[in-house]
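Novice: Next one to model:
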Amino acid sequence: MIRMSKLTDYGTLVMTYLARHSAGVHNAAEIAAATQISLPTVSKILKILAKESLLVSHRGIKGGYSLARAPESITLMEIIDAIEGPIGLTECSSSPGLCEQETSCSVRVNWMKINSAVRQALTGVTLADMAQPTLAVINADRLYARGRVNVV
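Specialist: Here you go, the predicted structure:
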């Protein structure tokens with residue numbers, strides 16, 4: 001099964017909260033209360049995202065965190081990469097040289113194409129998109145209109 005970690009899922013919630021409340025600086029306790037994620041987990045996520053330059057850490061008595069860039073310029077792929085590391089559906093699609101079969105594998109190229117498609121899809125979704133509660137409906141309608149979604 002292909003699944004993001006709970007930490008990455010929570011990371012997208014934290015970033016979405018910050019995108020929806022982009023004015024000002026927000027501390028970890030406020031974010032934890034608003035997202036209903038434990039304070040230690042929120043603190044860990046904030047440190048990771050600040051280290052990866054997706055957030056800016058503000059020191060002092062009124063310190064906290066803010067987005068490093070506009071929500072429209074931060075992609076879901078960047079958030080996932082920051083927390084999980086590069087996405088790889090198979091070992092060879094995440095980093096070359098990890099699989100013994102790499103040089104003779106008959107399906108490696110196909111896995112690389114699939115991995116690339118997943119990365120492109122995640123790069124195509126911005127934090128601003130995630131902050132809109134109707135993203136899934138909008139995208140499903142758009143895909144349906146293009147004839148790419150089959151409703152059973």
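
Novice: For N27, see how far away S43 is.
Specialist: Per CB to CB, to the nearest Å, S43 is found 10 Å from N27. Backbone N, C-alpha and C define where each C-beta goes, glycine included.

Novice: cool, and S73?
Specialist: 24 Å.

Novice: Same question for M4.
Specialist: Taken as CB to CB, the span from M4 to N27 is 26 Å.

Novice: Which strand or helix spans A50?
Specialist: In this assignment (DSSP states H and E), A50 forms part of helix 39-51.

Novice: and what of S57?
Specialist: Using DSSP H and E, S57 maps to strand 55-58.

Novice: State the number of residues packed around G88.
Specialist: G88 sits with 17 neighbouring residues when counted by other CB atoms under 10 Å.

Novice: what helices or strands is the following helix or strand past the strand holding S57 leaning on?
Specialist: With elements assigned by DSSP H and E, the helix or strand that comes after strand 55-58 is strand 64-67. On a contact count with 3 or more CB pairs under 8 Å, 6 or more residues apart in numbering; DSSP states H and E, strand 64-67 meets helix 6-20, helix 28-35, helix 39-51, strand 55-58.

Novice: got the contact list for strand 64-67?
Specialist: 15, 18-19, 22, 24-28, 30-31, 46, 49-50, 54-58, 74, 127 (CB atoms under 8 Å, 6 or more residues apart in numbering).

Novice: in this structure, which helix or strand is least confident?
Specialist: Lowest on mean pLDDT, DSSP states H and E among the helices and strands of the chain sits helix 135-145, with a mean of 54.

Novice: Grab the nearest non-local neighbour of T8.
Specialist: Excluding its sequence neighbours, the residue lying closest to T8 (CB to CB, 6 or more residues apart in numbering) is I83, at 4.6 Å.

Novice: wait, is that neighbour part of a helix?
Specialist: Yes - checked against DSSP: H, G, I helix; E, B strand; the rest coil, I83 lies within a helix.
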